[in-house]
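> Okay, sequence plus prediction incoming.
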Amino acid sequence: MEGMFYSTQNVWTWWIAIYLFLGGLGGAAVVVSCLTNMYFKPHKQLVVWGNISAFIMLSVGSLMLFIHLLDHWAVINVLNPMILITKPDAWIAWGTQFIVWMLVWSIIYTLPYLLETKFWTEMPVVGTILGWFNWLGKLSLKLHKLIGWLAVINAFGTVLYTGLLLQSFPAVALWHNPGVPLLFLVSAFSTAIAFLLLVLYLAIKQEEDHELRVFYERSDVILIGIELMIIFVFFEYTTSGLESARHTAQILWNDMGWIVGFVVFGLIVPFLIEFKGVTKGWGGSKVPIVLAAVLVLGGGYLLRHYFMYAGVYERPYPAVNIIRQHSELKLELAPTNKVLALLPSHYSMASKLG
Amino acid sequence: MANTPHYAMVIDLNTCVGCNACMAACALENQTPVWDNKWRTYVHDMEIGTSTDDDVRRRFFPRLCNHCDNPPCMSVCPTGATHKLDNGIVLVDDELCMGCRACVMACPYDARYDVTSDDLEQGDKFFGELHYRTRPSVDKCSFCAHRVMRGLKPACVETCVGSARMFGDLNDPNDEVAKLVKTGVAKPLMAHLGTGPNVFYISDIERTT
Ligand code: SF4
Ligand code: SF4
């Protein structure tokens, strides 16, 4: 029918953006730290930092989701692994399982390192709990590579699913395209490497990690470069594509938060800083790389924030439900409401009872 | 399968008078949270035509869940709460639904809304002892499956004073609804999305020049 209406949604907002950000960042941090430890440079501290941070990030992210559920008890339905047999088409079902198993395997992978570190074993409560799992730590060491790969596979699934989830909403041109999972994947790894660079520079601070830091910086430059190219592709796609995409373009490319916040300070500036770092160096100063890493992390959140807010639905009538939920927007009451208000509350529901 | 019905609705935009009786009938039949302006079916009051005054017309546009053949709300649902019956009706099982709202995001037709814990409390006051909802969940039109299974029509169809809403079986070649759909007189909304909607509209726009 003629005359379409365009609207954004108010159902999944900043809290989903935080969840998508932390899910991607945490998942990719596990992948990078475990693979680094297994194949690049054995690095217990990096594994502990990467995996424990990921545990905290995913816990916070999942808590955001959980708080916003309408029926908290019913979450049990997706925590049951059998859900993958009954609902293999639902990415949230896969995502929940990926997250749960990523947390389990990454912690088991990290356990031997925790058990040999006084900081953890002497920590009140945590130390006691760790003591109960000495046996698991020993078992983990015996099967360390296998457990590492189980953590990596589930963490990679966590990263990939965040984009696939958005892609599964067909009505919104910005989301329903193969670029979204790729963009989220690249962004997740870029933010995870930025995070691990911060860990290496500010927390671990070991001279012998120089080679590893350079490797991370080079990888991050390549990832940010790819992300910039994908954003350019999205620019083309949204400005000359479907009407819904063109509305998205109007939102994004007129918003200074997106242009300056994300594109300039979240991508271009850190790209230039890191590019100079890997080509000419910063004369031994860590400040520029730390700054670039912080900017990449901020950009990673902004990307998801704007993606949630700029998704435009196209419909032959104005939105009613999707806009009203969780919003302060007061719609004028439909006339029927006034009619209903006059009815006695204990009306006869003949057809239902009959 | 030949005997299994495939339910569908045809809405004639030429005969809807905008009385909203369907909204009221549905709200009472299905106990929707009307106090928060949440409806399973909604009738939009719109203007169509060009900008010149004498060319502008009022259009009433009833809408509801399209009971899609390929419902994105069902494929994204992680708990299996949203499911499809053999007769084509798409339902939400509030025992399984955790209220993640992925289905709300996936539905191209804006057919879904929250039933919150607050709505349940309000419902107890509004509908009294007949209030049947006990769990917060996402809700939407059920084509009044509980009535259809007893041989009745959905409440909105039953009550429509303009006979704008027709309910029928696409698998029955003699059914009026099936004929309107088959002849192309009634068309689905946004079929290009691949959802396979089962609510069809007879347009009120005629060529005048
Ligand atoms: S109209 Fe929306 S809620 Fe109804 S079946 Fe289609 S996608 Fe699902
Ligand atoms: S809100 Fe309920 S019905 Fe909708 S996708 Fe989530 S679990 Fe399924």
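Yep, that arrived. Worth saying up front: this structure is predicted, and the values here are computed from it rather than measured. Numbers count the residues shown, from 1 in each chain, chains lettered A, B, ... in the order given. Ligands and ions are numbered 1, 2, ... in the order given.
> rest of the way, CA atoms for contacts and neighbours
OK.
> so where is chain B shaky, pLDDT-wise?
Scanning chain B for pLDDT under 70 picks out the ranges B:1-2, B:50-54, B:206-209.
> redo that, cut-off 90
Low-confidence segments of chain B (pLDDT under 90): B:1-3, B:46-59, B:162, B:203-209.
> Quick one: name the residues of chain B near ligand 2.
Residues of chain B found near ligand 2, taking C-alpha under 6 Å from any ligand atom as the criterion, are B:76-79, B:81-82, B:92, B:97-103, B:137-138.
> and the residues you listed, which are buried?
Those of the residues of chain B next to ligand 2 that meet the buried threshold are B:76-79, B:81-82, B:92, B:97-103, B:137-138, by 16 or more other C-alpha atoms under 10 Å in any protein chain shown.
> tell me what the strand or helix carrying residue A:228 is packed against?
Secondary structure from DSSP states H and E places residue A:228 in helix A:210-239. Of the remaining helices and strands, those touching helix A:210-239 by 3 or more C-alpha pairs under 8 Å, 6 or more residues apart in numbering or on different chains; DSSP states H and E are helix A:179-198, helix A:243-252, helix A:269-279.
> okay, the ones you listed, which one's buried deepest?
Ranked by mean neighbour count under mean count of other C-alpha atoms under 10 Å in any protein chain shown, the helices and strands packed on helix A:210-239 are led by helix A:179-198, which reaches a mean of 25.
> So which of the buried ones among the residues of chain B next to ligand 2 sit within strands?
Where those overlap with strands, as defined by DSSP state E, the overlap consists of B:82, B:92, B:137-138.
> which of those residues sit farthest apart?
Checked with C-alpha to C-alpha, those reach their widest spread between B:82 and B:137, with 10.9 Å between them.
> which secondary structure element contains the spatially closest residue to residue B:160 that is not a sequence neighbour?
Beyond its immediate neighbours in the sequence, the residue positioned closest to residue B:160 (C-alpha to C-alpha, 6 or more residues apart in numbering or on different chains) is residue B:22, lying 5.9 Å away. Residue B:22 belongs to helix B:21-30 when assigned by DSSP H and E.
> Would you mind getting the angle between the helix or strand that that helix is followed by and helix B:21-30?
Elements were assigned by DSSP H and E; along the chain past helix B:21-30, the next helix or strand is strand B:42-48. Per axes from the mean of the first three to the mean of the last three C-alpha atoms, to 10 degrees, the angle that strand B:42-48 makes with helix B:21-30 is 160 degrees.
> does any part of strand B:42-48 sit near chain A?
Yes - for strand B:42-48 and chain A, the contact criterion (C-alpha under 8 Å from any C-alpha of the partner chain) is met by residue B:44.
> so what's residue B:78 up against?
With C-alpha atoms under 8 Å, 6 or more residues apart in numbering or on different chains as the criterion, the residues that contact residue B:78 are A:78, A:83, A:87, A:90-93.
> Next one: it from residue A:21, what distance?
In this view, residue B:78 and residue A:21 are 21 Å apart by C-alpha to C-alpha, to the nearest Å.
> Next: residue B:99.
For residue B:99, the distance to residue A:21 equals 21 Å [C-alpha to C-alpha].
> Return the residues of chain B in contact with ligand 1.
On the criterion C-alpha under 6 Å from any ligand atom, ligand 1 has as its neighbours in chain B the residues B:65-68, B:71-73, B:90, B:107-109, B:111-112.
> and if we set it to 8 Å?
Contacts of chain B with ligand 1, taken as C-alpha under 8 Å from any ligand atom, map to B:64-74, B:90, B:103-104, B:106-112, B:140-141, B:195-197.
> Those residues in strands, which ones?
Cross-referencing those with the strands (criterion: DSSP E) gives residue B:90 as the overlap.
> so how many other residues sit close to residue B:85?
The burial metric for residue B:85, expressed as a neighbour count using other C-alpha atoms under 10 Å in any protein chain shown, is 10.
> Pick the one among the ones in strands among the buried ones among the residues of chain B next to ligand 2 closest to ligand 1.
Taking C-alpha to the nearest ligand atom as the measure, residue B:82 is the one of those closest to ligand 1, at 8.2 Å.
> Bridged to that closest one, which residues?
According to DSSP bridges, the partner residues bridging residue B:82 are residue B:92.
> Now do the same contact list for the most centrally placed residue in chain B.
Averaging the C-alpha coordinates of chain B gives a centre point, and the residue nearest to it by C-alpha atoms, centre = their mean is residue B:64 (2.4 Å). Contacts here follow C-alpha under 8 Å, 6+ apart; on that basis residue B:64 touches B:40-42, B:109, B:111, B:141.
> Put the alpha carbons of stretch B:171-190 into PDB.
Output for stretch B:171-190, consisting of C-alpha atoms alone and laid out as PDB, is shown next (Å, rounded to 0.1, in the frame of the first residue of the first chain):
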ATOM      1  CA  ASN B 171      -7.300 -24.200   1.800                       C
ATOM      2  CA  ASP B 172     -11.000 -24.100   1.000                       C
ATOM      3  CA  PRO B 173     -11.500 -23.000  -2.600                       C
ATOM      4  CA  ASN B 174     -15.100 -22.100  -1.900                       C
ATOM      5  CA  ASP B 175     -14.300 -19.800   1.000                       C
ATOM      6  CA  GLU B 176     -14.900 -16.100   0.300                       C
ATOM      7  CA  VAL B 177     -11.600 -15.100   1.900                       C
ATOM      8  CA  ALA B 178      -9.700 -17.700  -0.200                       C
ATOM      9  CA  LYS B 179     -11.300 -16.300  -3.400                       C
ATOM     10  CA  LEU B 180     -10.500 -12.700  -2.500                       C
ATOM     11  CA  VAL B 181      -6.900 -13.700  -1.900                       C
ATOM     12  CA  LYS B 182      -6.600 -15.900  -4.900                       C
ATOM     13  CA  THR B 183      -8.000 -13.300  -7.300                       C
ATOM     14  CA  GLY B 184      -5.500 -10.800  -6.000                       C
ATOM     15  CA  VAL B 185      -8.200  -8.400  -4.900                       C
ATOM     16  CA  ALA B 186      -6.900  -8.700  -1.400                       C
ATOM     17  CA  LYS B 187      -3.100  -8.200  -1.000                       C
ATOM     18  CA  PRO B 188      -0.700  -8.800   1.900                       C
ATOM     19  CA  LEU B 189       1.400  -6.000   3.500                       C
ATOM     20  CA  MET B 190       5.100  -5.900   2.900                       C
END
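> Please state the offset of it from the chain centre?
How far stretch B:171-190 lies from its chain's middle: 17 Å, per C-alpha atoms, centre = their mean, to the nearest Å.
> what about stretch B:165-176, distance to the chain center?
Put simply, stretch B:165-176 sits 16 Å off its chain's centre (C-alpha atoms, centre = their mean).
> Quick one: residues in contact with that stretch.
Counting by C-alpha under 8 Å, 6+ apart, B:2-12, B:153-154, B:156-157, B:177-179, B:181 sit against stretch B:165-176.
> How about stretch B:103-111?
When contacts are taken as C-alpha under 8 Å, 6+ apart, the neighbours of stretch B:103-111 outside the stretch itself are A:9, A:11-12, A:168-171, A:313-315, A:319-322, B:40-41, B:64-66, B:71-74, B:76-77, B:112-113, B:138, B:140-141.
> rerun that using 6 Å as the cut-off
Defining contact as C-alpha atoms under 6 Å, 6 or more residues apart in numbering or on different chains, one finds that stretch B:103-111 is touched by A:169, A:171, B:64-65, B:72-73, B:112.
> May I see the buried residues of it?
Using 16+ other C-alpha under 10 Å as the burial criterion, the residues of stretch B:103-111 that qualify are B:103-111.
> Which ones among these map onto helices?
B:103-106 (DSSP state H).
> of these, closest to chain A?
Compare each of these with chain A using C-alpha to the nearest C-alpha and the shortest gap goes to residue B:106, at 4.4 Å.
> if we can go back for a sec, can you name the two of the contacts of stretch B:103-111 that sit furthest apart?
Largest separation among the contacts of stretch B:103-111 by C-alpha to C-alpha: A:169 and B:64, giving 18.8 Å.
> one step back: and which of the contacts of residue B:78 is nearest ligand 1?
Compare each of the contacts of residue B:78 with ligand 1 using C-alpha to the nearest ligand atom and the shortest gap goes to residue A:90, at 14.0 Å.
> Great, nothing more from me.
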